[in-house]
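[1] Give me a model of this one.
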Amino acid sequence: MHNESRGICFNIQNYSVHDGPGIRTILFMKGCPLRCAWCSNPESQRFEQEIGYSADKCLGCGRCVEACPNKALALGSNGLVITRERCSIEGCGAACSEVCPSKAIAVYGFSLSPSEALDKVERDSAFYARSGGGMTLSGGEPLAQPAFLDGLLREAEKRAVDVAVESCGFSSEQTMLEMCKRIDYLLFDLKHPDPAVHERVTGVSNEPILRNLASIRKTYPSLPVHVRTPVVPGVNDTPDVIASMARLACDLGATQYELLPFHRMGEQKYRFLDREYQFQGRAQLTAEDLQPLLEAANRYFPTKAREEEETP
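    Below is the predicted model of the structure:
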């Protein structure tokens, strides 16, 4: 076990019923090649551990400033000021978070091995056995940590744990196909049909993503592939765009298609990380907003929209 590749994750969520069949435990892996402007988990984007700071909780005691060996923290008139270029959790062990009496400083990211991860997942094994569930690997992007991902899949195979993976689809074809060889269910995101628009709103073209999906269906035709589109105002929320996405899902052999309504539940995390949220004040989508999009998608693929608001 000492030779296992360790990975970095930022959350473990129990009892999920929306991210694969049955009741599942979701392991959220840190690091993503995309930079979606609407991302609800900005703490997932970078690979390294980060600290988040909530000014509302801060007592202004200065203990964190004294504990920081990198001189990355200072108290200002509006609370804590973080010089993030100096902040290195790996070098200090998040001493600021340890001494904060009000928990105003949180650490995003923790290291673990595949066997440690599966030990946590198997605590809920009784629920999996009854519901046909298992473990779902999400992110960030699981394929962005290929060595750790491979270790997780091999360990799950040894323990007979059902595995689903949520992916943005952006990786090398070899890495994608190697993963699909060992999983039971794939949730695959398609965000926009136009390569130029896709690159503008996510930072990467959709061309390798679509090639990967076609390759998956050709190589593993029996693998269930659940395609999802996060519906984002001003990005892809028109019947024509959604119809194109549904047609792509149909043509590429998806087994299910789903719309995920835009929400702003991750907005405060941008403040915690000193980042700008580009969708501040943008209205969330209603069932009435989604109805013409569902009708457009249904021309090509039987489509549903998630009832609760959740956007990857």
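[2] Could you pull out the strands in the stretch 101-250 of the chain for me?
    105-108, 110-112, 134-138, 163-167, 185-189, 225-231 (DSSP state E, counting those that start in this stretch).
[3] show me what contacts the closest residue to Arg159 other than its chain neighbours?
    Closest residue to Arg159 apart from its sequence neighbours, by Cβ to Cβ, 6 or more residues apart in numbering: Leu118 at 5.8 Å. (Each C-beta comes from the backbone N, C-alpha and C, glycine too.) By Cβ atoms under 8 Å, 6 or more residues apart in numbering, Leu118 lies in contact with Met135, Leu152, Glu155, Ala156, Arg159, Val161.
[4] If we use 10 Å, what do you get?
    Neighbour list for Leu118: Thr25, Leu27, Leu112, Met135, Gly151, Leu152, Glu155, Ala156, Lys158, Arg159, Val161 [criterion: Cβ atoms under 10 Å, 6 or more residues apart in numbering].
[5] any idea of the pLDDT on it?
    Per-residue pLDDT puts Leu118 at 97.
[6] swap in the one 5 residues further on?
    Here, the pLDDT recorded for Arg123 equals 92.
[7] Could you pull out the helices in the stretch 51-200 of the chain for me?
    Ranges of helices within the stretch 51-200 of the chain are 63-67, 89-92, 95-99, 114-121, 125-131, 146-158, 173-180, 195-202, based on DSSP state H, counting those that start in this stretch.
[8] any idea which of those helices scores lowest on pLDDT?
    Mean pLDDT is lowest for helix 89-92 among the helices of the stretch 51-200 of the chain, at a mean of 80.
[9] From the chain's centroid, how far away is that helix?
    24 Å (Cα atoms, centre = their mean, to the nearest Å).
[10] which residues are contacting it?
    Contact with helix 89-92 is made by 48-51, 67-70, 72, 95-98, 107-109, 111, as judged by Cβ under 10 Å, 6+ apart.
[11] can you rerun that using 6 Å?
    Helix 89-92 is contacted from outside by Gln49, Pro69, using Cβ atoms under 6 Å, 6 or more residues apart in numbering.
[12] Now do the buried residues in that helix.
    Neighbour counts over helix 89-92 (16 or more other Cβ atoms under 10 Å) mark Ile89, Cys92 as buried.
[13] switch to numbering from 54
    Yes, from this point I'll number from 54; that puts the last item at helix 142-145.
[14] Restricting to C-alpha, output that helix in PDB.
    The C-alpha coordinates for helix 142-145 follow below in PDB (Å, rounded to 0.1, in the frame of the first residue of the first chain):
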ATOM      1  CA  ILE A 142      -0.300  25.100   2.700                       C
ATOM      2  CA  GLU A 143       2.100  22.300   1.800                       C
ATOM      3  CA  GLY A 144       4.900  24.300   3.500                       C
ATOM      4  CA  CYS A 145       3.000  25.300   6.700                       C
END
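[15] looking only at pLDDT, what's the mean for the longest strand along the chain?
    Scanning the chain for the longest strand, with DSSP state E as the assignment, gives strand 60-69. Here strand 60-69 scores 95 as its mean pLDDT.
[16] ok so, going back, could the contacts of Leu171 go into TSV alongside neighbour count and distance to Ala90?
    TSV is the format used below for those (neighbours: other Cβ atoms under 10 Å; distance: Cβ to Cβ, whole Å):
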residue	neighbour count	distance to Ala90
Thr78	25	29
Leu80	24	25
Leu165	19	30
Met188	29	29
Gly204	21	32
Leu205	31	29
Glu208	22	35
Ala209	23	33
Lys211	11	40
Arg212	14	38
Val214	20	35
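[17] Pick out whichever of those residues sits closest to Asn265.
    The nearest member of the contacts of Leu171 to Asn265, counting by Cβ to Cβ, is Leu205 at 19.5 Å.
[18] give the contact list for that closest one.
    Counting by Cβ under 6 Å, 6+ apart, Leu205 touches Pro167.
[19] what's the spacing between it and Thr189?
    11 Å (Cβ to Cβ, to the nearest Å).
[20] repeat for Ala120
    36 Å.
[21] Quick one: closest of the helices of the stretch 104-253 of the chain to His71.
    In terms of Cβ to Cβ, the element of those nearest to His71 is helix 178-184, at 12.8 Å.
[22] quick one: buried residues of the closest one?
    Phe180, Tyr181.
[23] before we move on, what about stretch 265-284?
    Across stretch 265-284, burial judged by 16+ other Cβ under 10 Å covers 265-266, 268-270, 276-284.
[24] And for stretch 338-347?
    By 16+ other Cβ under 10 Å, the buried positions in stretch 338-347 come out as Leu338, Asp342, Leu343, Leu346, Leu347.
[25] Output the residues you listed as CSV; include the columns secondary structure.
    CSV is the format used below for those (DSSP: H, G, I helix; E, B strand; the rest coil):
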residue, secondary structure
Leu338, coil
Asp342, helix
Leu343, helix
Leu346, helix
Leu347, helix
